[in-house]
Each structure stands twice: as structure tokens, then as C-alpha cells.
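K.L.:
Provided below for reference: sequence and predicted model.
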Amino acid sequence: MINMKKNTYNLAILLLLTILVSLVLGGILWSSYFTPKSGVGFWGFGQDINLDSPEYSSAGFVIQDPRKVYVSQDLKIDETVNYLDEVVLGVFPVAKDSDKISRADYFVGEEVLSGLVISSDGWVLLNVLGRENVAKIISQKKDAYILLSKKDKKIYQIEEVVEALDQDLMFIKIKNSNNFPVRNLVNVSSLRSGQSIIAYNFSGQVSVNFLKSIDSDNKIKFSDDFQNVISLNNTLSADFKSNFLFDLNGDLLALVDNNLNILPVHDFRSRIYSFLKNKKVESFKFGVYYVDLREIAGKNLPAYGAWINNNNLPALVKDGLADLAGIEAGDVIVKINNYEIDNFSNLNDVLNNFVVGERLVVSVLRSGELIDFKIDLK
């Protein structure tokens, strides 16, 4: 009888141990295969996760304790720079006796202008800000210049030049080339203070910085003469004059002029896209002076919108697009097509999403009533 009780006791102990071991092994398997998104293993140790993976694209993914998160951007920066080495080109004068010399006779760092490929068929946007005199010479004597790729040291001939220097733009077409990789022009509404940016020049120099602010300075803004200015946490060195800024995806974020002023590409967006669409630089005149309601508080004003106001001076250009459509001083423009004027976009930021030939539906608040006006851009 005693031996029977002892055997039963031992069997119970063995069964209990088996259950405990099974639970531990099951927990480890669950941690390893079913909960990788936590970034923490079964024993609480951290593990690496790839935020670029599709499994983290869900809006439900939450980092609960950011103090324990370590983010390395090195790999992303290397990937972006590798792309930029291919599509940021240098403009060089054709060397004498060019049929007898090697490609090494064009030295990186001695380019007269820098350009960025913006279409797969080889159109290049040149940064001509503060370099208009050089740009005019290239426009007049295109056969006296070549384009050089830093990545493979390939020399490209220039087929065509289109300049609109009065609008700070110039484009060069590469002869007999296509299938270039291209990225987007960053929309100003997607920019946030503190985000990482990359300054890059044709020599291959890279500076990682952070966006501090975007501001136009003027309290009363004019739709037809407007420019945002970007400020960074750290001042760019002179090496990046007349070059470009990119986000970590390699999308073009801004142009740096010859005085190191930083102008978001979004302010050129409408003209660049009109060129890519029609092969000519076109712009439209909306014709309003306004106050961005992000910058003013009033009990009778909405939180956001473009308040048509010019401090007791005429707020609309006579016979301008807005004036002809019926928009009046005192109106508040709150939306154009599907773009709202909000905490991240003023009126000009929204207008720069459109090109000549498109139709706008402009939503306006007037005496508490929402009114729509249709405007054809021309």
C-alpha cells in the first residue's frame, strides 16, 4: 500500500514537471514565432526589428517605451547616398581635344553647376540659384558643356536646354538616355520639425542634419510672390552652396542657393511639374493677399485657413484669377480640391500642388457660409 502511494506521488511529480517544461517551451516558441513585433524575447531581452518590413506597416504598431528604442540610420543613409551618386550630375565645360583625353580629365569638385535627374527619360533640374550668369552661358553654348555621373564616371552629351531664369529654373535633356531612377519632390505638408535630412553635393560630401523650422517671415503673404525658407539645427558648410537637400528616402526636399539659403522644392513644384507635362515652364497668378490663420487668433476666425486681408489695402489683384471667380476681401479660403489649408500647409503650399490647365474648386467661408468657386488655371 505504501509503495502504491509512493508511486502515485512520484507520478504526480513527474506529470507536474512535464507540464512546467511544456509551458516553458511553449512560451519560448510563442515568443520566437508569434510575437516578433514586440521587439522583446520571452526572457525580456531586446531583439532587432526592421521597421521597413511590411509587417510593421499597420497603423496599429505602437512603440510603447521609446526610451528603450535604438534607431540606426547608417544603412538607410548609405542606401540613399548610393542612389544620389547616380542621379546627381555635374556640369563641366568640354575639355579641349576631348576626343584625345580620358574621362579622368574631368575632376569631381570642379563642376560649374550641379543637377538632379528628375525624369526617367533624362531631364535634369539644375540648381541655378545665385548662379544665373553661369546658367545663361550654358544655355547659349550647350555644346560647350557635358554632364558627368559620379557613380560610373559616365559622360553625357546635352541634347536640349530649357531655361526660365526669371523663375529660378533651368532644365537640361541628356542625349540618348533613358531609364534613369527617379524619386519624388517632397510635399511641404509632409515636413516636420526634427526630421532627419541629408545635404549632398556632387563631390559626394554628405551632411546629416535636422529640420528646425519652415517660415515665410511675412505676416501678410502674397500668392504670386511667395517663398518658404527652411532652417536647420546646424548651419551648412560652404561645401553645399548651390546643391540639394534630400530626405532619408532620397526624395528631393530643398535647393540650397549660393548664400546657403534653403528653399523647399515644393515652392517650385507647380512650375517643375508643368515643365515635365508640357515641356515649358508655366505659372499662374492667383492674385490674393492673405493672412495665414495659423499665425493669428481671433474669436470670429476659424483656426486654419487663408484670410483674404491686406491691412486695409486692396487684398485682390484686379482681374486676377481669384477676383474674376468672385472671391472677396474678408473671405477665408479653407480648402482647394482635396487639399485643406491646415496646420501644415498655407495657401501657397496648397496652390503649388496644381499646374496650368487644371481646374480648382476653392472652398471659402463667408459670413459663416461655405461657398465653392470654380477656377481654371491659366
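P.N.:
Cool, the structure landed.
K.L.:
how about residue 347, nearest residue that isn't a chain neighbour?
P.N.:
Nearest non-adjacent residue to residue 347, counting by CB to CB, 6 or more residues apart in numbering: residue 306, 3.7 Å away. For every residue, glycine as well, the C-beta is placed using N, CA and C.
K.L.:
quick check: the one you found touching residue 295?
P.N.:
No: using CB atoms under 8 Å, residue 306 is not in contact with residue 295, being 11.1 Å away.
K.L.:
so those two - more neighbours on which side?
P.N.:
Neighbours per residue (other CB atoms under 10 Å) separate residue 306 from residue 295, with residue 306 holding more: 27 against 11.
K.L.:
what's near enough to touch the more buried one?
P.N.:
288, 290, 291, 292, 293, 332, 333, 334, 341, 346, 347 (CB atoms under 8 Å, 6 or more residues apart in numbering).
K.L.:
grab the nearest non-local neighbour of the third one.
P.N.:
Of all residues beyond its chain neighbours, the one nearest residue 291 is residue 307 (4.6 Å), with distances taken as CB to CB, 6+ apart.
K.L.:
before we move on, the earlier item: keep only those of the contacts of residue 306 that are in strands.
P.N.:
290, 291, 292, 332, 333, 334 (DSSP state E).
K.L.:
give me the distance between the third one and residue 335.
P.N.:
So that's residue 292. With distances taken as CB to CB, to the nearest Å, residue 292 is found 15 Å from residue 335.
K.L.:
if we can go back for a sec, SS state for the residue nearest to residue 291?
P.N.:
Counting by DSSP: H, G, I helix; E, B strand; the rest coil, the backbone at residue 307 sits in strand.
K.L.:
that one: how many residues sit nearby?
P.N.:
The tally of other residues near residue 307 (other CB under 10 Å) stands at 22.
K.L.:
surely it and residue 301 touch.
P.N.:
Yes: proximity of residue 307 to residue 301 meets the contact threshold set by CB under 8 Å, at 6.5 Å.
K.L.:
show me the shaky parts of the stretch 1-150 of the chain.
P.N.:
Filtered on pLDDT under 70, the stretch 1-150 of the chain yields the residue ranges 1-14, 16, 21-73, 97-104.
K.L.:
please enumerate the helices of the stretch 101-250 of the chain.
P.N.:
132-140 (DSSP state H, counting those that start in this stretch).
K.L.:
buried set for stretch 301-309?
P.N.:
Buried residues in stretch 301-309, counted by 16 or more other CB atoms under 10 Å: 304, 305, 306, 307, 308, 309.
K.L.:
what's the answer for stretch 365-378, then?
P.N.:
Quick answer for stretch 365-378 (16+ other CB under 10 Å): 365, 373, 375, 377.
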